[in-house]
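**Student:** A predicted structure for the sequence below; I have some questions about it.
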Amino acid sequence: MAFFLWGRPTLSLVVEEGVYKGIKTSLETWKADVGKEGFAILEHVVSSALSPVQLRELLQADHERSSIEGAFLIGNLPLAFFEESLDGKVPYVVEYYFMELSGQWQDADDDGWFDAFTDGNGVPEIYLGRLKADNAGISELKAYTEYFTRNHAYRSLASGYPRKTFTMAAEDVPTLYRTGTLYGLANHQDIALRNSEEFLKQLANNSAELLLVSAHSDARGHAFPEKAVTSFDLAQTKKDYGFVIMNNCSAGDIATSLNLMTAYLFHQSRALLCFAVTKSASHHYFNKYFISDYLSRIPVIGRALLTFNRDYARGLIGSDECEFYIFGDPSLSLSMHIDPSYQDFEAESARKGSHIFDNSYTYSPQEFFRLGAYYDIRYHSFHPERRGTYGSWFLSSKRPWGDLNADIHASRGQDDAVSFSFYGRILEFYSETDPGHGQLAVSVDGVADGTIDFSAPRKGQVLLYRKEWPENGRHQISLRGLSSGAWFVVDYFKVFVQ
């Protein structure tokens, strides 16, 4: 995927004029740091009176002129709001407005809140990060200056965080996240909590590069049965984490004074960046795929989220709402991507040999860490009417034609697809042939790689596709149905780690 056109990735830096002078020195250091990492910067100093429409137009112009891949907003800059109905429902902050630059956003009742989106495909053009401390309950300039001091220390490897992941979840919240896929099972801790006192104690007494918090929430606190953890409580608690993912409804509402985002980022904290949503929504697909499929593979965090958002908008991920955004510097990367001394635990621990993944393979933490790599089979659809769903796929079992475990996954829906993520050097795809079966288009790591024809005499476990690479690595293959009515089936994938 190309993120820029003219040789260097470009970011728009938009700073409110009221704080610019006070943090200019910090910004010069930051620009030097990102410049060493290959970024070009388009800098804008603007008034806080700028409207959301004007800010979006500025980003649209930068994208058209310089193909910016992202933007970093600092200060009391305009927020856009969206209301899902006109019956008085409270609107929510919608950062997607500044990332999706081609569609038309409408305000039917002219109340200053958008209520409809048309003419665009919903696929964002850029990523966005924001720093906003004017409502954080502390000195705004002090908050920014201290933030950029630790940003510089992290980028220059002068300071860091324990290479581990730490998950804290309320007992009544389902856990689907895969944070352990970053640094291995030995460097991952997962705690289920029953009360606010234990939450604050664990928060203060632990340290990790990545923290994931999962609890029912609003902008000012996390809910627990006896007593909520408020943003004020969090502001008084020491926090030694680099990156914070909040699996919490409305935790990203930065319009609220002393909100969760500001408490995690600016108060007694070493944090560099937070992920959150601004509304009540389902986060399952974000938790299930973002960390293991995107954050661990794509160096720049903004790029990782942009790629995730694009795949979600195109129907590659699922139908849950995933309106996550970044509070902090979107050009940052996890230490695994910037520290030359880091050793990828996959490369160290991957078991050599061949591994078979049947069509109904599901994630198993034990099997994942035994193999030392992440594997996942995902069924979905590219068809406009079925996008974001399971499509027409179904499991057919007790078959007599020699299929592995006597079952296959099958569909005859045009544009229905299967994607397989894996780590290895050689990939083989086996399936069942039949004279009445159709064809699948093959794409590997986003690049078209021919077609697979299933129309041959009926037989199970036929090798239909093979791909080799010079060395072990992470890859993804996608197979998409080319016609409607003709069956195409999936039996199993075989991966060779050498």
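**Tutor:** Now that the structure is in, tell me what you want to look at.

**Student:** longest helix in this structure, please.
**Tutor:** Criterion DSSP state H: the longest helix present in the chain is helix 17-36.

**Student:** for that helix, list the C-alpha coordinates in CSV.
**Tutor:** The C-alpha coordinates for helix 17-36 follow below in CSV (Å, rounded to 0.1, in the frame of the first residue of the first chain):
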residue,chain,number,x,y,z
GLU,A,17,-2.0,29.8,17.4
GLY,A,18,-2.7,30.4,21.1
VAL,A,19,-0.3,27.6,22.1
TYR,A,20,2.2,27.6,19.2
LYS,A,21,4.7,30.1,20.6
GLY,A,22,4.8,28.3,24.0
ILE,A,23,5.6,24.9,22.5
LYS,A,24,7.6,26.0,19.4
THR,A,25,10.9,24.7,20.8
SER,A,26,9.3,21.3,21.6
LEU,A,27,7.8,21.2,18.1
GLU,A,28,11.2,21.9,16.5
THR,A,29,12.6,18.9,18.3
TRP,A,30,9.7,16.7,17.3
LYS,A,31,10.1,17.8,13.6
ALA,A,32,13.8,16.9,13.7
ASP,A,33,12.9,13.5,15.2
VAL,A,34,10.3,12.6,12.6
GLY,A,35,12.5,14.0,9.9
LYS,A,36,15.1,11.5,10.8
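
**Student:** start at 34 instead
**Tutor:** I'll keep to 34 as the first residue from here, and by that count the last item is helix 50-69.

**Student:** now for it, which elements pack on it?
**Tutor:** Where contact means 3 or more CB pairs under 8 Å, 6 or more residues apart in numbering; DSSP states H and E, helix 50-69 is packed against strand 43-49, strand 73-79, helix 173-188. For the C-beta atoms, the positions are set from N, CA and C on the backbone; glycine is no exception.

**Student:** sec struct for residue 142, please.
**Tutor:** State at residue 142, reduced to three classes by DSSP: H, G, I helix; E, B strand; the rest coil: coil.

**Student:** what's the spacing between it and residue 88?
**Tutor:** Applying CB to CB, to the nearest Å, the value for residue 142 to residue 88 is 22 Å.

**Student:** more neighbours: the two, which one.
**Tutor:** Neighbour count, other CB atoms under 10 Å: between residue 142 and residue 88, residue 88 has more, with 21 against 10.

**Student:** so the more buried one sits against residue 112, correct?
**Tutor:** No: using CB atoms under 8 Å, residue 88 is not in contact with residue 112, being 9.4 Å away.

**Student:** ok so, going back, pick the most deeply packed of the helices and strands packed on helix 50-69.
**Tutor:** Comparing the helices and strands packed on helix 50-69 on average neighbours per residue, with mean count of other CB atoms under 10 Å, the densest one is strand 43-49 at a mean of 23.

**Student:** which secondary structure elements does that one sit against?
**Tutor:** The helices and strands touching strand 43-49, judged by 3+ CB pairs under 8 Å, 6+ apart, are helix 50-69, strand 73-79, helix 85-99, strand 103-107.

**Student:** what's in contact with the following helix or strand past the shortest one?
**Tutor:** Read it as strand 103-107. For strand 103-107, the succeeding helix or strand toward the C-terminus, using DSSP states H and E, is strand 114-115. With CB atoms under 8 Å, 6 or more residues apart in numbering as the contact definition, strand 114-115 has outside contacts at 124, 125, 126, 127, 130, 145, 146, 147, 148, 288.

**Student:** among those, which two are most distant?
**Tutor:** Greatest spatial distance among the contacts of strand 114-115 (CB to CB): 148 and 288, at 17.3 Å.

**Student:** which one of these two is surrounded by more residues?
**Tutor:** residue 148 (18 against 15).

**Student:** ok, now how distant is that one from residue 116?
**Tutor:** Separation of residue 148 from residue 116 (CB to CB): 5 Å.

**Student:** picking up where we left off before, list the buried ones in the longest helix of the chain?
**Tutor:** By neighbour count with 16 or more other CB atoms under 10 Å, helix 50-69 contains the buried residues 52, 53, 56, 59, 60, 63, 64, 66, 67.

**Student:** what's next to it, contact-wise?
**Tutor:** With contacts defined as CB under 8 Å, 6+ apart, helix 50-69 is touched by 44, 46, 48, 74, 76, 78-81, 107-109, 173-174, 177-178, 181-182, 184-185, 188-189, 362, 364.
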